[in-house]
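[1] A predicted structure for the sequence below; I have some questions about it.
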Amino acid sequence: MTAEKVRVRFAPSPTGPLHMGGVRTALYNYLFAKQKGGDFILRIEDTDQNRFVSGAEDYIVEALKWCGITPNEGVEFGGEFGPYRQSERKAMYRQYADKLVEEGKAYYAFDTPEELDAMRERLKAAKVASPQYNAITRETMRNSLTLSSDEVNKLIEDGTPYVIRFKMPRKENVRVNDIIRGWVVVNTSQLDDKVLFKSDGMPTYHLANIVDDHSMKITHVIRGEEWLPSAPLHVLLYEAFGWDCPAFAHLPLLLRPDGNGKLSKRDGDRLGFPVFPLSWEDPTTGEKSSGYRERGYFSEAFVNMLAFLGWNPGTPQEIFSMDELIESFSLERVGKAGAKFDPDKAKWYNQQYLRSTSDAELAQAIKPRVAEMGYEKSDEFLAGVCRMMKERASFIQEIVDGGTYFFTRPESYDEKTVRKKWKEGTSAHMEALMGKFEGTDFSPEALETTFKSFLEENELGMGAVLPNLRVLLTGQGMGPGVFDIMNLLGKGECIARMKEGISKLSSQHA
């Protein structure tokens, strides 16, 4: 007998931009499926039409594509188990709710909002900690368990609004075997009679989720910790339908960098980092949120960073390609405790990917930015800039922003360097050095040899000359190797910069 093919799903609701915690859930599902030779499905759970946000579904699809998390099936990807939008499956859910009612496992509830509020107030007055519609209170409410069949039929015929609730068994232990957390046991006395089918003709998450997972042959449900309280109900629903239950794994929360609590958009706004993969503009309010892509993160770095928020490989290795993640990933090595997000670590990951990217690739990446600044430079020149600057940058845009002196002559000179190093007699030394450079081959080795000979001949220390040479050429007090910079800029440009700088600084210190 062959083992059942692994099938997992990522099932977000299109209620806004996809949080990075959601991307991590998708990633873990994807890694697990790929490692097991299984399928990864994208399903859109849009049963809550009141919270639907225009553009959110497209955002979800684009975000997954940017991350390289490609579904085998789903919205935008097709497949034999579609449709993959719950709203398009609307007609199929009612039969399952009716089946449960017929078998006495669910019931019609006709309670008005006012009656529900009154019930909660009664329970609060009786000092009940968490008032809910459950195995006890349902006996006092207006539903098909307390009304006669004639009354029920008349209410339905008259068009009275109703919902279908699950009939929670009384005082039973429900056991959930979670791959990450082990056995979770909950007594049904702690659970309420959840609504399965709403008065607007749409199923709730609980019913649609179970029906879809069963009909799509989902073998493993890997989702966020916030769904753990719903797992006992879902297990009971599988039992009620007589279906095999999938394996469950509930992922730890992503926590804010400072203090405790779930990572939210407010934390990102407050501390200056994105919490969404792509930028987003709310279609209702116009509010804009930044994204990792637009901030200049490599998608590979973002994915690598996310993988480590809750999982570790058990080895010192921190940089993983997607293929390496697929090979190494296991749910058994996902922790139970919340994973604290570190924005500095996210930057570190991007820096590592930046450094490992070829100079030629980076040159093509900065080319549009350089052109916007009004400069035309050869690919070879841009590659040279990238070679020198990428060790000092975390983002591609910092290569250009931090190395503007490669494209334009300095208009000002680092005050601290000039104040400490530009002494009486410095102008004469720099003019003499400029004369030496005029007769030198501009390879880095030849420039360094000429420079050292000049120091020996004039009995000068490195610290008296090199900082001044750098500030004349770049305007900066620090940066890549001076002779590498000179080699890239070329003799004519370097001599011109030295002349211009000596003139300006001499007049300032006259």
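    Thanks, I have it.
[2] please name every helix or strand in contact with the lengthiest helix in the chain.
    In the chain, with assignment by DSSP state H, the single longest helix is helix 491-508. Packing partners of helix 491-508 (3 or more C-beta pairs under 8 Å, 6 or more residues apart in numbering; DSSP states H and E): helix 426-438, helix 462-474. Bear in mind the C-beta positions are built from the backbone N, C-alpha and C, glycine included.
[3] tell me the mean pLDDT for the next helix or strand after the first one?
    Going back to what we said before, that points to helix 426-438. For helix 426-438, the following helix or strand on the C-terminal side (DSSP states H and E) is helix 444-458. Average pLDDT, helix 444-458: 96.
[4] equivalent analysis for stretch 269-287, please.
    Mean predicted lDDT for stretch 269-287 stands at 93.
[5] and what of stretch 41-58?
    Throughout stretch 41-58, pLDDT has a mean value of 89.
[6] show me how far that stretch is from its chain's centre.
    Here stretch 41-58 is found 18 Å from its chain centre; the criterion is C-alpha atoms, centre = their mean, to the nearest Å.
[7] got the buried residues for it?
    41-48, 53, 56-57 (16 or more other C-beta atoms under 10 Å).
[8] same check, this time on stretch 11-29
    Applying a neighbour-count criterion of 16+ other C-beta under 10 Å, one finds 11-14, 16-29 buried in stretch 11-29.
[9] try stretch 89-97
    Within stretch 89-97, the residues scored as buried using 16+ other C-beta under 10 Å are 89-90, 93, 96-97.
[10] same thing with stretch 342-353?
    Using 16+ other C-beta under 10 Å as the test for burial, stretch 342-353 gives 346-347, 349-353.
[11] next: stretch 269-288.
    So for stretch 269-288, counting by 16+ other C-beta under 10 Å, buried means 273-280.
[12] next, format those as a markdown table and append secondary structure.
    Putting the buried residues of stretch 269-288 into a markdown table (DSSP: H, G, I helix; E, B strand; the rest coil) gives the following:
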| residue | secondary structure |
| --- | --- |
| 273 | coil |
| 274 | coil |
| 275 | coil |
| 276 | strand |
| 277 | coil |
| 278 | coil |
| 279 | coil |
| 280 | strand |
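[13] return the helix or strand in the chain with minimum mean pLDDT.
    Least confident helix or strand of the chain, by mean pLDDT, DSSP states H and E, is helix 265-271 with a mean of 88.
[14] who's in contact with that one?
    Outside helix 265-271, the residues within contact range by C-beta atoms under 8 Å, 6 or more residues apart in numbering are 19, 256-258, 274-276, 289-290, 343.
[15] show the pLDDT at residue 508.
    Looking at residue 508, its pLDDT reads 75.
[16] just give me the neighbour total for the closest residue to it other than its chain neighbours.
    Residue nearest to residue 508 in three dimensions, not counting chain neighbours: residue 418, with 7.9 Å by C-beta to C-beta, 6 or more residues apart in numbering. Using other C-beta atoms under 10 Å, residue 418 has 20 neighbouring residues.
[17] do residue 138 as well
    So residue 138, with other C-beta under 10 Å, has 22 neighbours.
[18] cool, residue 391 as well?
    10.
[19] name the secondary structure element that contains the residue nearest to it when sequence neighbours are not counted.
    Spatial nearest neighbour of residue 391, chain neighbours left out: residue 355 (6.5 Å); criterion: C-beta to C-beta, 6+ apart. When elements are assigned from DSSP H and E, residue 355 belongs to helix 343-356.
[20] can you give me the helices in the stretch 251-400 of the chain?
    Remark: helices assigned in the stretch 251-400 of the chain by DSSP state H, counting those that start in this stretch are 265-271, 299-307, 322-328, 343-356, 359-372, 379-389, 396-401.
[21] tell me the most buried of these?
    Across these, the average number of neighbours (mean count of other C-beta atoms under 10 Å) peaks for helix 299-307, which reaches a mean of 23.
[22] and that one, average pLDDT?
    Average pLDDT, helix 299-307: 98.
[23] then stretch 71-79?
    pLDDT averaged over stretch 71-79 gives 95.
[24] again with stretch 182-201
    Averaging pLDDT along stretch 182-201 yields 95.
[25] and it, how far apart are its ends?
    Distance between the two ends of stretch 182-201: 37 Å, counting by C-alpha to C-alpha, to the nearest Å.
[26] contacts for it?
    Counting by C-beta under 8 Å, 6+ apart, 49, 90, 93-94, 97, 100, 106, 109, 132-135, 138, 161-178, 203-204, 206-207, 228, 231-233, 236 sit against stretch 182-201.
[27] any quick ChimeraX command for the buried ones out of those?
    To isolate the buried ones among the contacts of stretch 182-201 in ChimeraX, judged by 16+ other C-beta under 10 Å, type:
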select :90,93,97,100,106,109,132,133,134,135,138,162,163,164,165,166,167,168,174,176,178,203,204,206,207,228,231,232,233,236
